[in-house]
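K.L.:
Any chance you could fold what I've pasted below:
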Amino acid sequence: MTALWIANVEITDADEYAKYVPIAGEVIAEHGGVFLARGGAYVQLEGRDRPRNVVARFPSVEAAVACYNSEKYQSAVVHAKAGSKRDIVIVEETG
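P.N.:
Take a look at the predicted model:
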């Protein structure tokens, strides 16, 4: 089953976050991830409003988790945590 990696992000330091983006994009692709949404228009209906929303599809939950836990992604996370507040969830898609 494919899975969606969903991130809701509030950027607090654009320079620091900019260091995260290229590394994350590369490692997500290396693990079979394909971006479906990366920022853009959105409508906040409930909950915390974080203006950057990212959705990537992975071949499986396991592939998405392996991406997140990879050494390369974790090297990028240092910059994401220094430059943003974010929530990330991986959700298996229904058949």
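
K.L.:
Can you name the residues that contact R48?
P.N.:
R48 makes contact with N8, D87 under the criterion C-beta atoms under 8 Å, 6 or more residues apart in numbering. (Each C-beta comes from the backbone N, C-alpha and C, glycine too.)

K.L.:
Torsion angles phi and psi at it?
P.N.:
Comment: the main-chain dihedrals of R48 come out as phi -70, psi 130, following degrees, to the nearest 10.

K.L.:
and if you look at A76?
P.N.:
Dihedral angles of A76 (phi, psi; degrees, to the nearest 10) stand at phi -80, psi -30.

K.L.:
List the buried residues in the lengthiest helix in the chain.
P.N.:
Taking DSSP state H as the assignment, the helix of the chain that covers the most residues is helix 14-30. Of the residues in helix 14-30, those with enough neighbours to count as buried (16 or more other C-beta atoms under 10 Å) are E16, Y17, K19, Y20, I23, A24, G25, V27, I28.

K.L.:
which other helices and strands contact the helix or strand just after it?
P.N.:
On the C-terminal side of helix 14-30, the nearest following helix or strand under DSSP states H and E is strand 34-38. In terms of contacts (3 or more C-beta pairs under 8 Å, 6 or more residues apart in numbering; DSSP states H and E), strand 34-38 is packed against strand 52-58.

K.L.:
any residues touching the strand it packs on, and which ones?
P.N.:
Outside of strand 52-58, the residues within contact range by C-beta under 8 Å, 6+ apart are 2-11, 28, 31-40, 42, 64, 67, 84, 90, 93.

K.L.:
Buried among these? Make that a PyMOL selection.
P.N.:
In PyMOL, selecting the buried portion of the contacts of strand 52-58, with burial taken from 16+ other C-beta under 10 Å, looks like this:
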select buried, resi 2+3+4+5+6+7+8+9+11+28+31+32+33+64+67+84+90
